[in-house]
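Peer 1: Sequence and predicted structure, then a few things I'm wondering about:
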Protein chains: 2
Amino acid sequence: MQSLSIQRLLDEFERLPGIGPKSAQRIAYWLLNASEQEAQRLADAIVEVKQAVHFCPCCFNYAEDDLCAICSSNERSAAMICVVSEPRDITAIERTGEYNGLYHVLGGAISPIDGIGPDSLTVKQLITRLADATISEVILATNPNVEGETTAIYLARLIKPLGIKVTRLASGLPVGGDLEFADEITLGRAIESRREL
Amino acid sequence: MQSLSIQRLLDEFERLPGIGPKSAQRIAYWLLNASEQEAQRLADAIVEVKQAVHFCPCCFNYAEDDLCAICSSNERSAAMICVVSEPRDITAIERTGEYNGLYHVLGGAISPIDGIGPDSLTVKQLITRLADATISEVILATNPNVEGETTAIYLARLIKPLGIKVTRLASGLPVGGDLEFADEITLGRAIESRREL
C-alpha cells in the first residue's frame, strides 16, 4: 500500500552503506516534508560529484581540476610521499594536521586471495614518480592488517634500492585507550616499539 | 584540501536525519566508487518522489494518483477509519496486517505550547468524512504521549455525539519486553487494562 515512488526512494537509500530500512524510511519522510529546493539540492550534489570528480593523474586522489588540490598546491613539501590504499585515508591523515607532503593512492592493497597483485594497483606510477630527485622519504601508510602489511613490505623492497628513506606508520596503543582492552598483538607491538623518555 | 563538490555532497547528506559526518563520508565515498547510473538512479528517485507525491484529498496520506492507494482500493473496509498523526504511522499500522479499514492523517497533534490547535489539523475534513453513513467505528491511533492523548480526547468528544463508536489503541507492556524495565505509567496502564483469560 506504499506509493511506488516512495518505495523506489526507500530501495535506493537502502543500497547506501550504513542505511537500513528504518533509516531509509526516516530519510524518505524527511524528504517528503522538505521543500522541493532542498530535495533538488541533494539530487544535484549527487549527480555533480560524479560528473566533476575524477582521479588525479599524479597521485590518484579524487580531483576536480586537472590535478588534485594537494598535488597542485604550492604549500606542500614535494620531498615526501605518503602512500595510502584509498582516497579516504588521505582525508583521515589530513585531519591530523601532522603531514604536509604529497600522497600516492594505490587503489587497494595486495591480496592474492582476492586476485589483487601489484599490477592492479598504481605501483608502477609510484615508482615513476620516485624517479624525481626531489623525493627523500616515502611513508607507507597502508592499513595495519595482513593486506596492508604485505603491500608495505613489497613496496619497501622495491623503493629502498632507489636510495630513498622508507618509513611505516607506528603501531601501538590508541591514545585515550585502555591497556586492559588492547588486543595482544597491538600491545606486543607497543612494547616492541617502546620509546625512551 | 577536500574537493568542492565532495564537500557539498557531504554537507547535503549531513542535513538528513540520522546521518552524521562519519556516515556522510562513508556514503560519499560509496557514491564516488559507484557507477554513474547508480548515482543517477538515487538522484532521480529523490527528485521524482517530490514531483509525484502529494497529499490524498480524502485521507491526507501521501498519494501518487488522485487518491492514495488505500482510499482507492476496493479491498478495504469502508466501515472503519483509523485516525493517525502522520503518514508514517500508516506504514507502521499496515505492517501489522491487523487492520483493513481506511485512514485519516491529522498532520500532527494538538499542542497549545507549539500553537497547534484543531484548526491546524485536518479535523474538519475528518468530521465531513464521518457524515458518510457507512462509517461505524473510528480508531484513534494518535501517539500515547501528552499531545496524542489530548488530540484523542478532543476528537472523541467531537465524534461520539455523531453516534459512531470511538476506540483508542491499547496501552500496556510491549510484547517481548521485561516487566522489570517497564516505566511505572506503562505498567500502571497494563494493570488497569488487564484482560481475563
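Peer 2: Arrived safely.

Peer 1: do whichever helix or strand residue A:103 is part of and chain B meet?
Peer 2: Element membership of residue A:103, judged by DSSP states H and E, is strand A:102-105. No: judged by CB under 8 Å from any CB of the partner chain, strand A:102-105 stays clear of chain B, getting no closer than 9.7 Å. (Glycine included, C-beta is placed from N, CA and C.)

Peer 1: Now tell me what touches that strand from outside.
Peer 2: Contacts to strand A:102-105, defined as CB atoms under 8 Å, 6 or more residues apart in numbering or on different chains, come from residues A:55, A:59-61, A:70-71, A:76-78, A:80-87, A:89-90, A:93, A:122, A:125-126, A:129.

Peer 1: Paired strands for that strand, with orientation please.
Peer 2: Within its sheet, and counting by DSSP bridges, strand A:102-105 is paired with strand A:80-84 (parallel).

Peer 1: for the strand it pairs with, which positions count as buried?
Peer 2: A:80-84 (16 or more other CB atoms under 10 Å in any protein chain shown).

Peer 1: could the residues you listed go into TSV alongside distance to residue B:35 and pLDDT?
Peer 2: Formatted as TSV, these follow (distance: CB to CB, whole Å; pLDDT from 0 to 100):
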residue	distance to residue B:35	pLDDT
A:80	35	92
A:81	30	94
A:82	29	94
A:83	27	95
A:84	24	94
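
Peer 1: CA atoms of the worst-scoring helix or strand of chain A on mean pLDDT as CSV?
Peer 2: Here the helix or strand of chain A ranked lowest by mean pLDDT, DSSP states H and E is helix A:184-192, holding a mean of 82. Extracted C-alpha coordinates of helix A:184-192, given in CSV (Å, rounded to 0.1, in the frame of the first residue of the first chain):
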residue,chain,number,x,y,z
GLU,A,184,47.7,-8.8,22.5
ILE,A,185,49.2,-8.1,19.1
THR,A,186,48.8,-4.3,19.4
LEU,A,187,50.1,-4.4,23.0
GLY,A,188,53.0,-6.6,21.8
ARG,A,189,53.9,-4.0,19.1
ALA,A,190,53.6,-1.2,21.7
ILE,A,191,56.2,-3.0,23.9
GLU,A,192,58.4,-3.8,21.0
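
Peer 1: which residues touch it?
Peer 2: Helix A:184-192 is contacted by residues A:171-173, A:179, A:182 when judged by CB under 8 Å, 6+ apart.
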